[in-house]
Every structure is written in C-alpha cells, then in structure tokens.
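K.L.:
this is a predicted model, with the sequence first.
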Amino acid sequence: MARRKLLKIQDRQELFDVPTDEDSLIRHYTLSPADRLEIAVRRRKHNQLGFAVQLCLMRYPGRTLMANEIPPRMMLHYIAEQLNAEPESFNSYARREPTRLEHVSHLLAYLGMRTAAAPDRRAALMSGIETAATTDKGSSIAKAIVTTMRERNVVLPTPDTIERIGLAARAIARRRAEAALISGFSAEQLQSLDDLLKVDPAIAQTRFHWLRSAPDAPGSSNLLAMMERLSFIRTLNIDPRLQGRIHSGRWDQMIREGDVTPAWLAADFNASRRRATIVAQVIKLGHKLTDDAVTMFIKLIGRLFSQANNRKKQRHAETRKETAKALRLFLDTISALQAANDNDEDAIETINRYVGWHRLLQVKPALEAMVENGDPDPLLVAVEQYANVRKYAALFLRTFAFRSARRNDPLLAAIETLKSLYEDGRRSLPDRVPVAHLGTTARKLIFSGSKPDRRLYEIATLAALRERLRSADVWVEGSRVFRPMDEHLMPRPAFTDLKDTDQLGLGVQRDGAQWLAQMQQLLDFNLKRLAHRARNGKLEGVRLEAGTLLVTPLASEVPAAAEELNLELNDMYPLVEVPDLLREVHEWTGFADQFTHVRTGDMPQNIAAMLAGTLADATNLGPKRMAGASKGISAHQIGWMRMFHARTETYRAAQASVTDAHARHPHALLWGNGTTASSDGQFFRASDRAAGRGDINLHYGSEPGTKFYSHLSDQYGYFSILPISPTESEAAYVLDGLFDHDTILDIEEHFTDTGGASDHVFALFALIGKRFAPRLRNLKDRKFHTFEKADTYPALADHIGVRINTALIMEYWDDLLHLAASIRARTVAPSTILKKLAASPNPSQLAKALRELGRIERSLFMIEWYSSPALRRRCQAGLNKGEAAHKLKRAVFFHERGEIRDRSFESQAFRASGLNLVVSAIVHWNTVYLSRAVTHLRQGGRNIPDALLKHVSPLSWEHINLTGIYAWDTAPDLPEGFRPLRLPGKMLLAA
C-alpha cells in the first residue's frame, strides 16, 4: 500500500528547493563580511565554495546539503562570483562524506543552530495541530511546522520527516474536532445518530439518505416533503450552534467529506468520526433544507402569479371572437342611430329595423360579463388556485420563524393572524386584520364585498412575504441565504479598520464628496465635448438627426485573407480522438492532478477515469453511459473518481490549470493580453426529470430549460461558468465570474450584451475599480443623467434624463463602500447582493443610492461609446468571441439531444464545469497546434502577419472525433511530443 502523503510535488519544491530567481538569490544568499572570513578559513577553493553553499542552504531554506546533491546553477554562479571562484569547482567538493559533515558541525556553531531534538519536534507538532485545526491543506500545515523550526533555529529535518509530523498533526486535529462536535451528547442521542444509518422499514431506506434526497422541483408536494425532513431534523435536537466549537475551515472540510460519504461508507467509520460526520451533515442539511424550502416557496408563489397572467392572456384570446361580434353589433347600432338622426326618424324603431332589439337584449349578459372580467387584477386570477396554495401555506408559515427590522411590522402581524386562523380552523377573517403590508388595489379587492375575502387576503399576504424575503427585508431564522443584508457583508469593524487604514483597495476614494466633485467636473466636460462634436459632425460613425444621436452599425473587421488563412490552418490540424486530446492537454498542464481526494488531498491515481468522468459531464453522456461507450474503464472507476475527486473547488482548480497554461502560450497573446473578457448566457432545454425544475422563458420558446452563464477572456480562455434560471436577469451574475475563479487572469474591462447591464452593475464595477462596457440595445432611448440642469446641454436635450441625487449618494457612501469591500474580499457573491437589491418593488435607500452612482457611470460610458469607435469595435470583438465559442459548446454537449436532464443544481453545475473544462482543453490544444502550423508555414517562406493571424480563432472542432467508442486504455506514441501536422502533400497521398 502506498504511503499516504501530505504534500504535492510543487509543495515540496516550494518549501525545500533552492530559489533561483534574482531577487531571492540576493535576499537569501548575499554573503556578509563575517561570512567571508569564516569561509576563508577553509583551504582550497572548492571547499570554500562548498562551505559557502552549505552556509546559504542552512540559512534558507534551512536545511543541510544532501549527499551527492548539486545545487542549481544560478545559485552556484551567484555564490561563486562573490568568492571569485569557479562554479565548476563545486564538483570536487565533499568527495569525502566526513568533510561535508564536518562543515555542517562548524556551521551549526557559527549560525547558532542545532539539529532537531524531541522538544523541537513536539513544538513543530503542536504548531501543525494548531494550523490543521483551521485547514486540511498539507502545504499550510507543513509551512507552519517549517516556520516553527526556523524560529527555534533548528535545521530542518528531511521532507519525509516533516511530512510525517504534518500527517500526525492533521490526524490529531481531525480527532479533536470530531470529539468537540459530539461532546456532551447523551447515550440516547449518540444512538439516534447511529440509527440514521440503518434502513427504516417505513421508508425502505436509511434516514441519512432520505434527508439528503429531498426533491427540488417546485411543487406543493415537494415543498411538503422538504418541510417533513426539516421537522424530522428538529426532532434530533442537534443545536446548530455546535458548529461554533470548531474552526470554520475545519468545519468546511468536514462538510465536504460528509457530502460525498454515502450511508454504507459512513457506517464503516470509527464511532467518533461517524457521529461527527452525521452531526455536521444534519446541521448543514437543516440550513440547506431551510434555504431550499423558502426558495421553493418563492418560486411557487411567483409561478402562481405568472400563470395567472398567462391565464388572463389566454382568456383574452379565447374571447376575441365574442369581443369582435360585440364590437360589430355596437358598430351596427351606432350606424343605425346615425341613420335615424340623419333621416329624422325614431331611433328605437330604426335600431329595431336595422339591428334588432332582441339581438341587443340577447348580448347584454355577455357584455356585462366581458366588462366585469375585462381586465381582472392578477390577484383575482391567482386566487383561483387557492386550493393548491392551501396545501402548503399553513405548514410553511408554521415551520419557519420570520423576522423583520421594522418595528411592529404589519406583515409579521398578518402572518400570525393567518397562523391562528389555521390553528383554530376558522374560514373567515376577523373584523380587524393587519393590512398595512398590502397595496391599495389589493385592499380594495379584499374589502369589496360585505365582508373581507379570506382567500384574497391570504394570497396577497403570501405574495407580500415573497417580495420581502427576496429583498432581505424579511428573513428566516436558521437560513444562510435569507438573512439580513448586513450579515452577508464583512463585519462592520473589519470594514472600518480597512477604511481607516486606507486598505479597501476600491476604485473610488474614501471621501465621497471628493469623488462626486471629480465626477461632476468630468461628466460636465465630456457632455459638452460630445455636444460640440455632435453638432459639428465630428463623431465617427455617429450622427445627430432631429436631436437624436444615431450610431451606424459596425462593419466586419475580418479581412477575406484571414478567412482563407483560417480554412488553410484548420486543414492542418492533426486528426484526434477526444480522449487523446484530453490526455495530451493533461500532460502539458497537469489539470487532472487538480482533482484531489476530498480527505487525503492526493491526486487521482486513475487519470483515465478522471478524464472520462470529466468528458461524461461535458458531452452530457453521464458516467454510466460513458463507461458503456468506453474501452479500458469501468463505471465503478468513473463513479469512484467523481465521488471523491470531482468537486466545485477541484473543477475550478483544473479549469485554472488549463486557462493559465493557455494565457501563457505566446500564440494566445495575438488575441489579447488577458485583461478583457466577455460573458453571456447559453440556453439548454430541460427534459425528463429536469423539466419540473426548469423555468420557462418565452424568449427561448415554451419549453423549460437552464442557462449556462460563462465568462471568456479575450484570449478565448474560459474561466467561469454557472447554471442559472432562464428567467433570471444575467446582470446579477456578471460580477460573479470575475471573482469566482483561480486563474492568473486579472480582468480590467468586461463586455456583455444588454441582458447583463443594469445601473447597479455599472455602480459596482466602478466601486471595485473595474471597467464595464456593455453593448446596449436601443441606446438612443437611454438617457444621460447629469449634475447640472438639462438646459445646460441644449444640443442633447432629448437625451437628458433626471438629475443625479448627490445627497442620497453622500448619505449612503459608507454603506456603498462596505458593500463593495465585501465583494472585493469575496465575503459575499455579487449576485447575492444584486438580486436582493433589485427584488423589492419598493427599492431600499441603499438600492437607490447604488442606482444613482450607476447612473453617473453609465452616463460616462455612453458618452465614450458615442465618442470612441475603438471602444465599440473592442466590445463587438469581445462579444463575437463568446458567441462563436457557444457553437463549440453546443457541438461538445451533444448527447441526450443537448438537453439538461439533471434535477439538482449541483449536478447541473458539474455538467457546466465539465463542459467549460473540455472546451478549454480543446481551445488550448488547437492553440498549440495552430502555433505549430503557423511556424511550419513561416519556415517554408510564407509571410503571415500577426495582424492577419489574430482573426484566426482556435474554436474549430471538425478534426476532433467527439463520438464513437472512447479508448482510455491506449495512448498514442508521440516521439517528438506532438502529433504531425496534416500537410497538403500528405493529405493528397492519403486521398
């Protein structure tokens, strides 16, 4: 059995290898006069050089020279230069082992160091335990051990020894955390935990599995099932505050391990680990089920009203024929009255003669019904589904405790009223009920009859609760998603400390008045300059017609020669099977090694199974069918790799490996420098079990589905992807991708289409110090917002909107900085904040202040858009890359007709991550061979300008076999490390 390891190869290198960069050599290996004197005592140059090398190594990294070790050339040259010695003389050093050991003994005394003794190892172990209590990362634990030994002036033992100390420290920290979590549990409680792993005959499965398999497709029965599980969890009497007994890092690791542990495997754990795992999972499930149930309630009530609106439209369509008949009869009646008036005849007789009095009387009831139901309020239509809402409403209100920052909140009072009605079994409302939480229209409808309508009141109150939950105006005890806004942000004292020490790292000053003054001056100048240029026809591609600025669409910048070159280079790509492509990219980048084991941190032993699992996600084939379509790999092997190695964070690390390698490739620099990016959503239909969970956006048709929202750099490198509902605004997720990645990319400018733009997004980009450049549809209809009066810019009068509310921005300046600093520090996802700020029909003052700031930034951006054709071209090029990459994604995600069939968000996220990773691997593979093809042509005398080459994209896939039998048990023999290009002569012979 292989020895368990704490450190990866790169971790060992970082801790124990000799640095070779110039700065590190100067910092660590510059000899002092005292050092030179001590070195000069040695006879012969090679002994002096060897002694100096030992001295430097014992200072940093803190170890001795190993037997037969040859230091890096850069280090030898740097030390030898200081001693006027030849680096090659080191080869003569330490031919006798006693000489090396004797020098070590002298250096220990000279440096005041010693070899590690038992107290030193004990101190190192304690330091490792302290660090392991916060993290499972082997590198962090080993660094703590090394740091402790350096502080104690101890020569570092061998890496294997340090690794053994670290493994022991981690094991002790794990046992302590497990013991702390279940400390104080009674024997009955411990037994109840063990019972969760036993099959319950009532449900024919273990309760542990039952709790973790709650249905998540929106529906009344599924919501009831969630709340049933939540009620069961509460009977276990496990206090969620137990989580506070251990460090958050250790807690997160315990959750990660528990998430992939099935009941049968947990049953094999030792008692302490088994019970601690169950406790952690139960606490986590309590939070998750709370969040999922409230989210499902929000979806159900939202769907209730969207279906009500759809029924209104359907009824209008169904009554169109009757409406047309009534209008025709009305027209005939008017014509008869007009004829009677013109001919001075009796009106009634004329109507009876031409129209028929009996016809008018016959149509009267239908007309009365049409008038009464002509445009009913959505609440009146929604209440028709009251029976379905009643199935879950009572239990929902009883299961959760709702809280509000408002004193004597009428909504909470209304909830208590409904709860009492349910408990008492009363059908009618009391004489006095809270109504301040409802709008005027709803109140009128409720009280339009002789007594208030209970059903209307209940539906209206649930709708109000939905809106308040979405905007964080009301929150739920025990929830992690539905919390007060402040709890999502970094603690206020931490923010204050950063602000006071000027360490916020934002794109705006601490002083709001100073920033506003600068913006006022800049906006005023830019507007006046824009007006001047517009009047004088000096805006390239923009004209002023009847007071309206009109932008001429951009023509294609891709020359015909680039299209021809693209076809030629595409024909030179080697033909490749997709398993071989992934294997080659792994050999170049090591991306599969990033799928570390959830507990041990070990790299996957079966790389082929890991690659097969990734391809199963990317192609939408799934692990079982992938095994059936593969040679050399089994479903068990793929399943094991996915269970213990595929996680959100490992997918993100693997993505970073490929994207970083791609960004560093010289050919990728032709497309950009990696500082700009674009994002866009791509719709995939849902079918089978996923259809119930999917949402319908009529923009994409009448079928449910999911959108994959992804971010792409200007070098065609993907770095983020997230499944979102097709009904959600993309604007909320634009910033998420810029923070939710581990790549070396530092995006400074970001492009989206109109769907990704909002004033809130403009504001946050400005606050965090990045540039937002969306392609806005109907730009001429969007207004500039100014500090000055509209008549200050007469030439642009039709484009000037309301003035900026500077007082509101100043009042909430600190809160805006707090919000941006929390996003910058990754304390909260931008989408979490943006969705809550945009959810309420009555925006909070903070939301309004953020909108005002965004209006300033949008106005400045629009001015630049009109003024700069370079910006328009840059944005167009960035978005075109994303749209072209969508085609490659569609080609890869081809199984199951390209339809999403996973019910859970986690499974859909894996599909999306696998798709992004495989497409990125294809792009990088294409880039490598594209570069080789260009080099081949240039070596043959072809002149291929870089300006032409930048239009040739790496998004081709015709040369890649994505279908058929996937062979994982054979690897191609590539003597030179690369496949031969397909050259015209060879292709002709093959034909």
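P.N.:
Yes, it's here.
K.L.:
only C-alpha atoms from now on, for both contacts and neighbour counts.
P.N.:
OK.
K.L.:
which elements pack onto the lengthiest helix in the chain?
P.N.:
Counting residues, the longest helix in the chain under DSSP state H turns out to be helix 271-318. Applying 3 or more Cα pairs under 8 Å, 6 or more residues apart in numbering; DSSP states H and E, one finds that helix 271-318 contacts helix 159-182, helix 187-195, helix 220-235, helix 248-259, helix 378-382, helix 454-470.
K.L.:
mind giving me the domain split of this protein?
P.N.:
9-179, 182-302, 314-376, 401-475, 484-538+729-867, 560-656+906-990 (automatic domain parsing).
K.L.:
mean pLDDT for those domains: which is lowest?
P.N.:
Note on the domains of the chain: domain 314-376 shows the lowest mean pLDDT, a mean of 74.
K.L.:
quick check: closest non-adjacent residue to residue 864.
P.N.:
Leaving aside its sequence neighbours, residue 864 sits nearest to residue 871 (Cα to Cα, 6 or more residues apart in numbering; 7.7 Å).
K.L.:
what is the helix or strand harbouring the one you found packed up against?
P.N.:
Assigned by DSSP states H and E, residue 871 belongs to helix 869-892. In terms of contacts (3+ Cα pairs under 8 Å, 6+ apart), helix 869-892 is packed against strand 676-685, strand 749-752, helix 845-867, helix 905-939.
K.L.:
quick one: the second one to chain centroid distance?
P.N.:
Taking Cα atoms, centre = their mean, to the nearest Å, the mean C-alpha location of strand 749-752 is offset from the chain mean by 16 Å.
K.L.:
cool, and stretch 149-162?
P.N.:
40 Å.
K.L.:
residue 253 and residue 630, how far apart?
P.N.:
As judged by Cα to Cα, to the nearest Å, residue 253 and residue 630 stand 33 Å apart.
K.L.:
now swap in residue 807 and tell me
P.N.:
In this view, residue 807 and residue 630 are 65 Å apart by Cα to Cα.
K.L.:
of all the helices and strands packed on helix 869-892, which lies closest to residue 513?
P.N.:
Across the helices and strands packed on helix 869-892, residue 513 has its closest neighbour in helix 845-867 (12.6 Å, Cα to Cα).
K.L.:
and the closest one, what does it pack onto?
P.N.:
Here helix 845-867 touches helix 512-535, helix 759-768, helix 806-811, helix 813-824, helix 869-892, going by 3+ Cα pairs under 8 Å, 6+ apart.
K.L.:
could I get the domains of the chain as JSON lines with distance to residue 554 and mean neighbour count?
P.N.:
Output for the domains of the chain, formatted as JSON lines (distance: least, Cα to Cα, whole Å; neighbours: other Cα atoms under 10 Å):
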{"stretch": "domain 9-179", "distance to residue 554": "47", "mean neighbour count": "18"}
{"stretch": "domain 182-302", "distance to residue 554": "40", "mean neighbour count": "17"}
{"stretch": "domain 314-376", "distance to residue 554": "41", "mean neighbour count": "14"}
{"stretch": "domain 401-475", "distance to residue 554": "40", "mean neighbour count": "17"}
{"stretch": "domain 484-538+729-867", "distance to residue 554": "12", "mean neighbour count": "18"}
{"stretch": "domain 560-656+906-990", "distance to residue 554": "16", "mean neighbour count": "18"}
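K.L.:
out of those domains, flag the one nearest residue 676.
P.N.:
domain 484-538+729-867 (4.7 Å).
K.L.:
please compute how far that closest one lies from its chain's middle.
P.N.:
Relative to the chain's own centre, domain 484-538+729-867 is displaced by 21 Å; criterion: Cα atoms, centre = their mean.
K.L.:
ends of that domain, how far apart?
P.N.:
Using Cα to Cα, one end of domain 484-538+729-867 lies 43 Å from the other.
K.L.:
got it, and stretch 507-518?
P.N.:
13 Å.
K.L.:
picking up where we left off before, which one of the helices and strands packed on helix 271-318 lies closest to residue 363?
P.N.:
helix 378-382 (24.6 Å).
K.L.:
in the closest one, what's buried?
P.N.:
378, 379, 380, 381, 382 (16 or more other Cα atoms under 10 Å).
K.L.:
pipe these into TSV and attach distance to residue 659 and pLDDT per row.
P.N.:
Supplementary listing: the buried residues of helix 378-382 in TSV, determined by distance: Cα to Cα, whole Å; pLDDT from 0 to 100:
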residue	distance to residue 659	pLDDT
378	49	86
379	50	89
380	53	86
381	51	86
382	49	89
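K.L.:
next, format those as TSV and append distance to residue 524.
P.N.:
TSV is the format used below for the buried residues of helix 378-382 (distance: Cα to Cα, whole Å):
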residue	distance to residue 524
378	45
379	47
380	50
381	50
382	49
